[in-house]
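Novice: Any chance you can model this:
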Amino acid sequence: ELYHNAPLVKSYFNVLESNVIGKNGITLQMKSVNDKGFLDSKDNVLIERAWKDWGLYHASADGKYNFRRLQKLVVRTQKMEGEVFIRFITGDVNKYGFALEVIQPSLLDHTFNKELKSGNSIKMGIEYSKKYSRPIAYHFSKDLKNKGERTRIKAEEILHIQHVDECNATRGISALSPAL
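Specialist: Okay, the predicted model is just below:
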């Protein structure tokens, strides 16, 4: 709510996006070499063109965002919510077989806690292994209205970027929390 009602806060996020992501976002510059040790200009150009095509038209699994916009969304969400979840989707998602899905942190049900028969435990929607307490899955609600309906996604498919103030914290802390 602070984000939507305070122009200074909104300005902070705009400057943050601009400074972290910049005008062009993360780009790719290939420097691969051929068998003789020289730059392989032909293949480098082909790879860079494919990267650019993927970034402009295929980065987002739902087709709504290009790669630069996804980067901005990740930075903004992580600072605003304290965390962000990025799902790596492979297979028949586009001609490159790879796309990203940014998942709203509020879809990870923080009220979902359970001890499992396997010895694993679920804390705040994140399933941890018995040994080492390593995340092995994330339990996301299908939408904000149906918190009981969850989808289990393996941890290998999720990048969880979070800001924490203590070791072993389960969930992230918003950059806005001191202002609340």
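Novice: Which pLDDT does the model give the residue with the largest distance to the centre of the chain?
Specialist: Seen from the C-alpha centroid of the chain, the residue lying at the greatest distance (CA atoms, centre = their mean) is residue 36, 38.9 Å away. You'll see residue 36 listed with a pLDDT of 93.
Novice: hmm, who's touching stretch 52-70?
Specialist: Here stretch 52-70 makes contact (CB atoms under 8 Å, 6 or more residues apart in numbering) with 21, 24-26, 28, 73, 87, 89, 93-96, 98-102. Glycine gets a C-beta too; all of them are placed from N, C-alpha and C.
Novice: List the buried residues in that stretch.
Specialist: 54-55, 58-61, 65-70 (16 or more other CB atoms under 10 Å).
Novice: quick one: the helices in the chain?
Specialist: 2-5, 7-21, 41-53, 67-81 (DSSP state H).
Novice: Report the contact partners of the residue most central in space within the chain.
Specialist: What sits nearest the mean C-alpha location of the chain, by CA atoms, centre = their mean, is residue 86, with 2.5 Å. Applying CB under 8 Å, 6+ apart to residue 86 gives the contacts 74, 100-103, 158-159, 161.
Novice: any idea of the pLDDT on residue 145?
Specialist: 67.
Novice: Next, count neighbours for residue 177.
Specialist: Residue 177 sits with 12 neighbouring residues when counted by other CB atoms under 10 Å.
Novice: Give me the nearest residue to it, chain neighbours excluded.
Specialist: residue 82 (7.2 Å; CB to CB, 6 or more residues apart in numbering).
Novice: Would you check that residue 173 makes contact with residue 105?
Specialist: No: the pair residue 173 / residue 105 is not scored as a contact, 11.2 Å apart, by CB atoms under 8 Å.
Novice: which of those two has more neighbours?
Specialist: residue 105 (22 against 16).
Novice: Could you measure from that one over to residue 162?
Specialist: 9 Å (CB to CB, to the nearest Å).
Novice: quick one on the thing from earlier: give me the pLDDT for the residue nearest to residue 177.
Specialist: So residue 82 comes in at 89 (pLDDT).
Novice: ranges for the strands of the protein?
Specialist: In the chain, the strands defined using DSSP state E lie at 83-90, 98-103, 114-115, 121-123, 126-128, 135-141, 150-154, 158-162.
Novice: any chance of those strands in TSV, with distance to residue 48 too?
Specialist: Converted to TSV, those look like this (distance: least, CB to CB, whole Å):
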stretch	distance to residue 48
strand 83-90	21
strand 98-103	16
strand 114-115	47
strand 121-123	43
strand 126-128	37
strand 135-141	33
strand 150-154	31
strand 158-162	24
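Novice: All good on my end, thank you.
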